[in-house]
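Engineer: using only what follows, build the 3D model:
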Amino acid sequence: MSIYVGNLSYDVTEADLTSVFAEYGSVSRVQIPTDRDTGRVRGFGFVEMGADSEEQAAIDALDGAAWMGRDLKVNKAKPRENRSSFGGGGGGGGDRNGSFSSRRY
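Structural biologist: Next up, the predicted model:
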């Protein structure tokens, strides 16, 4: 199981998050996604702990807790959805030959 941690400060580091969650058990992994263009923390992260009971204790204690000037949102992470690279909007826009006859050149 993995824990979702939302509403994180943009100044948070993996070491910061590890130290907070270590109070509730052994932390096996911390991941804080960053924006691809700016490199800035995106405001959420994921924590994996050694046992389900440790994860539940951390969720119970930290959900809604004030930390680094923000109220944390902590819960069980939902499985990642399988997203296509096309965004589900379908293709189209062209005729049968793939050309765009309505374009003006």
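
Engineer: when you work out contacts or count neighbours from here on, use the C-alpha atoms and nothing else.
Structural biologist: Will do.

Engineer: could you pull out the helices for this structure?
Structural biologist: Secondary structure of the chain, counting by DSSP state H: helices at 14-21, 52-62.

Engineer: which one of those helices lies closest to residue 68?
Structural biologist: When those are ranked by distance to residue 68, counting by CA to CA, first place goes to helix 14-21 at 9.9 Å.

Engineer: the closest one - contacts with which helices or strands?
Structural biologist: Identification of packing neighbours for helix 14-21 by 3 or more CA pairs under 8 Å, 6 or more residues apart in numbering; DSSP states H and E yields strand 27-31.

Engineer: try it again with 10 Å
Structural biologist: Contacting helix 14-21 under the criterion 3 or more CA pairs under 10 Å, 6 or more residues apart in numbering; DSSP states H and E are the following elements: strand 27-31, strand 44-49, helix 52-62.

Engineer: buried set for that helix?
Structural biologist: 17-18, 21 (16 or more other CA atoms under 10 Å).

Engineer: OK, contacts around residue 45?
Structural biologist: Applying CA atoms under 10 Å, 6 or more residues apart in numbering to residue 45 gives the contacts 3-8, 12-14, 17, 30-34, 74, 77.

Engineer: buried subset of those as a PyMOL selection?
Structural biologist: Applying 16+ other CA under 10 Å to those leaves a buried subset, and the PyMOL line that selects it is:
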select buried, resi 3+4+5+6+7+8+17+30+31+32+74
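
Engineer: can you tell me which of the contacts of residue 45 are in strands?
Structural biologist: Using DSSP state E, the subset of the contacts of residue 45 located in strands is 3-6, 30-31, 74.

Engineer: C-alpha coordinates for stretch 35-47, PDB please?
Structural biologist: Coordinates of the C-alpha atoms in stretch 35-47 are reproduced here as PDB (Å, rounded to 0.1, in the frame of the first residue of the first chain):
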ATOM      1  CA  ASP A  35       7.000  19.800 -12.400                       C
ATOM      2  CA  ARG A  36       8.700  18.700 -15.600                       C
ATOM      3  CA  ASP A  37       9.200  22.300 -16.900                       C
ATOM      4  CA  THR A  38      10.100  24.200 -13.700                       C
ATOM      5  CA  GLY A  39      11.500  21.400 -11.400                       C
ATOM      6  CA  ARG A  40       9.300  22.800  -8.600                       C
ATOM      7  CA  VAL A  41       7.600  20.400  -6.200                       C
ATOM      8  CA  ARG A  42       4.000  19.800  -7.300                       C
ATOM      9  CA  GLY A  43       2.500  19.900  -3.800                       C
ATOM     10  CA  PHE A  44       1.900  16.200  -3.200                       C
ATOM     11  CA  GLY A  45       3.900  13.100  -2.600                       C
ATOM     12  CA  PHE A  46       3.700   9.400  -1.800                       C
ATOM     13  CA  VAL A  47       5.100   7.400   1.200                       C
END
